[in-house]
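Q: Kindly generate the corresponding structure for this input.
(2 chains)
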Number of protein chains: 2
Amino acid sequence: MKDQSKIGIYKSVAEPFHVDFNGRLTMGVLGNHLLNCAGFHASERGFGMATLNSHNYTWVLSRLAVEMGDMPYQYEEFAIETWVENVYRLFTDRNFAILNKDGEKIGYARSVWAMIDIETRKPADLLILHGGSINDYICDEPCPIEKPSRIKVLSQECIDTIKAKYSDIDVNGHFNSIRYIEHILDLFPIDIYKTKHIKRFEMAYVAESYYGDEVSFFLDEVNPDEYHIEVKKNGNETVCRSKIIFQDNR
Amino acid sequence: MKDQSKIGIYKSVAEPFHVDFNGRLTMGVLGNHLLNCAGFHASERGFGMATLNSHNYTWVLSRLAVEMGDMPYQYEEFAIETWVENVYRLFTDRNFAILNKDGEKIGYARSVWAMIDIETRKPADLLILHGGSINDYICDEPCPIEKPSRIKVLSQECIDTIKAKYSDIDVNGHFNSIRYIEHILDLFPIDIYKTKHIKRFEMAYVAESYYGDEVSFFLDEVNPDEYHIEVKKNGNETVCRSKIIFQDNR
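A: Predicted structure coming up:
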């Protein structure tokens, strides 16, 4: 199989309610598009959620890292390319390139996924999935950004707490992966987004939270433009961690 | 011009992070789709935001009323039809039909818009827009739901307060119209969404709120399945009102 055919490409447009006050697509919405494209690409190849669900398996997003040089502006078209970089027994690496309206690459993303048994919540062996055919989709397209890193947060001081509400909960009854991103972005005063943009954004999903959970946010300012965030539920159980690196606007 | 050509039709799919715990498209996401389609339809006819902005005018959504018999399920395709019902000097009525994956009408919506001068914030005369040509798009397609009603809220007891954050703010620097819908849906315990669905939903947008505003919610339970909500900023200024009518699931 020619490598190009292993890359899915999906077009979209920066909708007016999906951009921030700068008119740029928000990181939460971009994350949503990335996960959708992962789903489309997997489904088209027989590894999608819907197919897996009927076999009692589902994909679980473990890590996401995004680096953007530019963000699509309101009403602008953009495209997302996605492909499988590696398949291990318990994890698979899926990468992305984000292309602007002129087809130029303006950013990249890396994601790490596991597959679990819906009943037992135990990880499944990816190498035996469909007789190992997921390996046929491995593609060596370059993705010139660093892999998701290990994030450690030392702060014990909670800077915000929310209660998980109806709109936070996804079809699995879990706190929606995208909503965490939005709540994390909201930890920062709007002024930071006036002079800086997010150069790199990472999420590490650790555990699920549920409707009614108290979700608390802890933040380390590692250096003036780098923040590490830990999200805990009901006092002390880590549900996810995040890293944001800002960069001054030119 | 044949009436059918006056109706715009736009296809979409219920994305996994756009459905609630029941797997049904949320009212906020549907609202977003409706407003997008309004924008597409107007743009294609030379009355879109982008065109108007360059002439110092912009559309402002005043009222929205949605009635749904069913909501698209996760991964299902759906379509939205939209057309202009009436044009008055200061307002225009734009209607919508929502079609399920089989092309059957599963709901309708009505919206009322004004056009304002961006500088003065004063309403503009729609009848002289582009030499009155907006009238050419008036279409008598049926929209069998009641017009947006007058909503009155008596309660003086604030049931929730949020502070407007980064993710709440749109490209105009205003609290995002769709975010109000999400915050209003979040006033209700998740249990109500387990046994009931929203039959009718209304929004009346009155004034803008901004980053950092304290946004408070007041609610009247008019009868067991009908709630009127008022949203105020910084204590006492009304920013919008909403009406939700629930119906037991069959």
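Q: Residues of chain A that sit close to chain B?
A: For chain A, the residues found near chain B under the criterion CB under 8 Å from any CB of the partner chain are A:15-23, A:26, A:28, A:32, A:35-36, A:39, A:49-50, A:74-75, A:165-173, A:176-178, A:182, A:185-186, A:188-190, A:193, A:211-212. For every residue, glycine as well, the C-beta is placed using N, CA and C.
Q: So residue A:41 versus residue A:111, what's the distance?
A: Here the distance between residue A:41 and residue A:111 works out to 11 Å (CB to CB, to the nearest Å).
Q: Which is the succeeding secondary structure element to the worst-scoring helix or strand of chain A on mean pLDDT?
A: Taking all helices and strands of chain A together, the one with the lowest average confidence (mean pLDDT, DSSP states H and E) is helix A:49-54, at a mean of 69. Going down the chain from helix A:49-54, the next helix or strand is strand A:57-68, by DSSP states H and E.
Q: Which elements pack onto that next one?
A: Contacting strand A:57-68 under the criterion 3 or more CB pairs under 8 Å, 6 or more residues apart in numbering or on different chains; DSSP states H and E are the following elements: helix A:27-44, helix A:49-54, strand A:105-117, strand A:196-205.
Q: next structured bit after that strand?
A: Sequence order places strand A:77-87 as the next helix or strand after strand A:57-68, per DSSP H and E.
Q: Strand A:105-117 and the helix or strand just after that next one, what's the angle between them?
A: On the C-terminal side of strand A:77-87, the closest following helix or strand by DSSP H and E is strand A:92-99. In this structure, strand A:92-99 runs at an angle of 150 degrees to strand A:105-117, with axes from the mean of the first three to the mean of the last three CA atoms, to 10 degrees as the basis.
Q: What about residue A:48, how many residues nearby?
A: By the other CB atoms under 10 Å in any protein chain shown criterion, the neighbourhood of residue A:48 contains 17 residues.
Q: I'd assumed residue A:42 was in contact with it.
A: Yes - judged on CB atoms under 8 Å, residue A:48 makes contact with residue A:42 at a distance of 4.6 Å.
Q: Overlap of the contact sets of those two?
A: Both residue A:48 and residue A:42 lack any common contacting residue under the criterion CB atoms under 8 Å, 6 or more residues apart in numbering or on different chains.
Q: ok, back up a step: let's see the ChimeraX selection covering just the buried ones among the residues of chain A next to chain B.
A: In ChimeraX, selecting the buried portion of the residues of chain A next to chain B, with burial taken from 16 or more other CB atoms under 10 Å in any protein chain shown, looks like this:
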select /A:15,16,17,18,19,20,21,22,23,26,28,32,35,36,39,49,74,75,165,166,167,168,169,170,171,176,177,178,182,185,186,188,190,193,211
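Q: Inside helices: which ones of the residues of chain A next to chain B?
A: Judged by DSSP state H, the subset of the residues of chain A next to chain B located in helices is A:28, A:32, A:35-36, A:39, A:49-50, A:177-178, A:182, A:185, A:193.
Q: related to what we said a few turns ago, weakest of the helices and strands packed on strand A:57-68 in terms of mean pLDDT?
A: In terms of average pLDDT, helix A:49-54 trails the rest of these, at a mean of 69.
Q: How about the residue most central in space within chain A: which residues does it bridge to?
A: For chain A, residue A:64 is the residue whose C-alpha lies nearest the centre (CA atoms, centre = their mean; 4.1 Å). Applying DSSP bridges to residue A:64 yields these beta-bridge partners: residue A:111, residue A:203.
Q: ok, it to residue A:86 distance?
A: Using CB to CB, which is the criterion applied here, residue A:64 is 16 Å from residue A:86.
Q: cool, and residue A:109?
A: Distance, residue A:109 to residue A:86, by CB to CB: 15 Å.
Q: now residue A:226
A: Taken as CB to CB, the span from residue A:226 to residue A:86 is 27 Å.
Q: Check residue A:223 too.
A: In terms of CB to CB, residue A:223 sits 31 Å off from residue A:86.
Q: who's more crowded, these two?
A: residue A:86 (14 against 8).
Q: so what's the nearest residue to the more buried one once chain neighbours are set aside scoring on pLDDT?
A: Nearest residue to residue A:86 in three dimensions, chain neighbours excluded: residue A:93, at 4.3 Å (CB to CB, 6 or more residues apart in numbering or on different chains). Residue-level confidence at residue A:93 comes out at 97, pLDDT.
Q: which residues does residue A:93 contact?
A: With CB under 8 Å, 6+ apart as the criterion, the residues that contact residue A:93 are A:84-87, A:110-112.
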